[in-house]
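**Q** Got a predicted structure here, sequence first:
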Amino acid sequence: MFAHDSTSELWSDSTVKCVVVPHDHQLEVELRNADGSAFLRKTVQTRQAAMNEAEYLRLLLSSSARSAPSRGLKPFALVIEDDRDDFDALLEGLRASGMRALGCRSGAEGLCLGRDLAPDLIVVDYGLPDFTGAEVCHRLRETPETAGTPIIAVTASPQAFGVEGCTADAVLTKPCPIDTLVAAARLLVGHLASGTDVSS
């Protein structure tokens, strides 16, 4: 099912490298030290699951630097997604996790809502009717009200985000289980309660 030829690097920083390794009829996502030794290994079934796991691990390792705002309200997420089924699933999953959530179906509307409502998290798709998700990310980063807002891109086209120099904090690959999105949201929005179970 999978080629056994090589290991693919998914990301790296100064001390850790994340790779995906074909193994039998599955894939293993590994975190490796600078000397190449693996210190964490997770088995997954598909390339999309491997990419999502790698992105989650990257967020997990970088989350200690994030501080949690204290506004006395549940965190607020803005979802920019034009597909009706994905739109509904994302909003429902985020609400079930303990967030307030509002959605829109175009990049232009998302940019206006982001500026006006100052969300704690923005979730954006790539294929929007007016802009690409990467363009929306760039514009959000250029707007003072959203420049520091965590952004999660959820897309069937992760390569397109990469080619366009996406400025999202995380890029999750569709089909993305809702619990994967919620886990990433919890890492990016530190004051989001972690006791709620969400099924995919």
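**A** Sure thing, it's come through. Keep in mind it's a predicted model, so treat the numbers as computed, not measured. Residues are numbered from 1 along each chain as shown.
**Q** I'd guessed residue 79 sits against residue 94; true?
**A** Yes - between residue 79 and residue 94 a contact is recorded at 7.1 Å, counting by CB atoms under 8 Å. Yep, even glycine has a C-beta here, placed from its N, CA and C like the rest.
**Q** Now the common contact residues for those two.
**A** 101, 123 (CB atoms under 8 Å, 6 or more residues apart in numbering).
**Q** Can you get me a residue count around residue 159?
**A** 11 (other CB atoms under 10 Å).
**Q** Distance check, it against residue 99.
**A** 29 Å (CB to CB, to the nearest Å).
**Q** Then residue 55?
**A** Counting by CB to CB - residue 55 and residue 99 are separated by 19 Å.
**Q** List the beta-bridge partners for residue 154.
**A** residue 172 (DSSP bridges).
**Q** Show the contacting residues for residue 78.
**A** 101, 102, 103, 104, 110, 113, 114, 117, 119, 121, 122, 123.
**Q** Would you confirm that the first one contacts residue 76?
**A** Yes - with contact defined as CB under 8 Å, residue 101 reaches residue 76; the gap is 7.4 Å.
**Q** Okay, helices next: where are they in this structure?
**A** 47-62, 84-96, 107-117, 133-142, 158-163, 178-188 (DSSP state H).
**Q** next one: the longest one to chain centre, how far?
**A** Here the centre of helix 47-62 is set off from its chain's centre by 9 Å, with CA atoms, centre = their mean, to the nearest Å.
**Q** List the buried residues for that helix?
**A** Across helix 47-62, burial judged by 16 or more other CB atoms under 10 Å covers 48-59, 61.
**Q** can you pull the buried residues of stretch 34-43?
**A** residue 42.
**Q** Centre of the chain to that stretch, how far?
**A** With CA atoms, centre = their mean, you get 22 Å for stretch 34-43.
**Q** likewise stretch 26-36?
**A** 21 Å.
**Q** Buried ones in it, by neighbour count?
**A** Result for stretch 26-36 [16+ other CB under 10 Å]: buried residues 27, 28, 29, 30, 31, 32.
**Q** Contact partners for the spatially closest residue to the fourth one that is not a sequence neighbour?
**A** Sequence neighbours aside, residue 38 is the residue nearest to residue 30 in space, at 4.4 Å (criterion: CB to CB, 6 or more residues apart in numbering). Contact analysis of residue 38 by CB under 8 Å, 6+ apart lists 30, 31, 32.
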